[in-house]
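Undergrad: fold the following.
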Amino acid sequence: MAEITWAEALKEAEDSAARDPNLWAQCFAESDGDEGKARALYVKRKMNAADQAPAPAPAKAPAAAPTSGWCPNCSSECKLDASTCQMCGADFMTGGWKPTPYKPTPRPSPEPTETKAKSGGSIWKWILGVPVGGFVLMMVIGSCAGNSPDGQERARSRDAIKFCWSEQSKKSLDGSTARFVAGTCERMESDFKARWGFNP
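TA: Residues are numbered from 1 along each chain as shown. Predicted coordinates for the structure are as follows:
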C-alpha cells in the first residue's frame, strides 16, 4: 500500500495540472528553482501529510432498528409490532393506527368552560337559526310564487272575491240584491277552490 501511495505522489508531482499549486510553489522556492529537487520535496511533503493525517474511523455498524415505540392514541410506550395498546386498547391490526417510533406530542385538552360555551352557542344557533331560516325560505318561495303568472291570477281572483263580499255587505242594497250578490260571491269562491285546490 505504501509503494502505491509513493507512486501516486510522484505521479502527481510530475503532472503540473494535478499537483497542489501552493505546495508546489513552496517546494520550488525551497529548492532554489531546481525542478528535480522541487519534485522530490513535493513527494516528501505529500507523504508526510499522508502519514500525519488521522486514520479513517472504522465504519460504524448500522444502528439497530428500534423495537419499542408509542401509541398514537394515548402516547404510552408499546412494542412497534404490538397488535393493540396495553394502556388504551387501540387496535393496531384493523384500527388503521400503528405504533410510532417517536413519541407523539400530546394535544392540549380544551378547558371544560370552553366546551360548555361552544356547545351552548351551537344550541342557540339551532334554536334561532331554524325558524329564521324557515321564515326566509317561505318569503322567497312566496315571492317567487306571487310573481308567476298563476300567482298573479290567483291574487286578482282573491281581490275580486274580497271586493264582491265588501259590496254585498253594503246596507244600501235591498234584500234580493244582497242575496244575488252573495250567491255570486259564493260561486266565485267555489270556482277559485275548484281551480286552485284551496280556499281563497
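
Undergrad: contacts and neighbour counts: CA atoms only from here.
TA: Noted.

Undergrad: just checking, which helix or strand of the protein averages the lowest pLDDT?
TA: Each helix and strand of the chain was given a mean pLDDT (mean pLDDT, DSSP states H and E); the minimum falls on helix 112-147 at a mean of 73.

Undergrad: how about the helix or strand that that helix is followed by: buried residues?
TA: Taking DSSP states H and E as the definition, the helix or strand that follows helix 112-147 towards the C-terminus is helix 149-168. Residues of helix 149-168 classed as buried under the neighbour-count rule (16 or more other CA atoms under 10 Å) are 154, 157-158, 161, 164-165, 167-168.

Undergrad: tell me what helix 149-168 is packed against?
TA: helix 112-147, helix 175-196 (3 or more CA pairs under 8 Å, 6 or more residues apart in numbering; DSSP states H and E).

Undergrad: ranking these by burial, who's on top?
TA: For the helices and strands packed on helix 149-168, average neighbour numbers computed from mean count of other CA atoms under 10 Å are highest in helix 175-196, which has a mean of 15.

Undergrad: average pLDDT for that one?
TA: The pLDDT scores in helix 175-196 average 88.

Undergrad: would you put the C-alpha positions of it in CSV?
TA: What follows is helix 175-196 as a C-alpha-only set of coordinates in CSV (Å, rounded to 0.1, in the frame of the first residue of the first chain):
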residue,chain,number,x,y,z
GLY,A,175,-132.7,42.1,0.4
SER,A,176,-133.0,40.4,-3.1
THR,A,177,-130.0,42.3,-4.5
ALA,A,178,-127.9,41.4,-1.4
ARG,A,179,-128.8,37.7,-1.8
PHE,A,180,-128.0,37.8,-5.5
VAL,A,181,-124.6,39.4,-4.8
ALA,A,182,-123.9,36.8,-2.0
GLY,A,183,-124.7,34.0,-4.4
THR,A,184,-122.3,35.4,-7.0
CYS,A,185,-119.5,35.8,-4.3
GLU,A,186,-120.1,32.2,-3.2
ARG,A,187,-119.9,31.0,-6.9
MET,A,188,-116.6,32.9,-7.3
GLU,A,189,-115.2,31.2,-4.2
SER,A,190,-116.2,27.7,-5.4
ASP,A,191,-114.7,28.4,-8.8
PHE,A,192,-111.4,29.5,-7.1
LYS,A,193,-111.4,26.4,-5.0
ALA,A,194,-112.1,24.1,-8.0
ARG,A,195,-109.3,25.7,-10.0
TRP,A,196,-106.6,26.1,-7.3
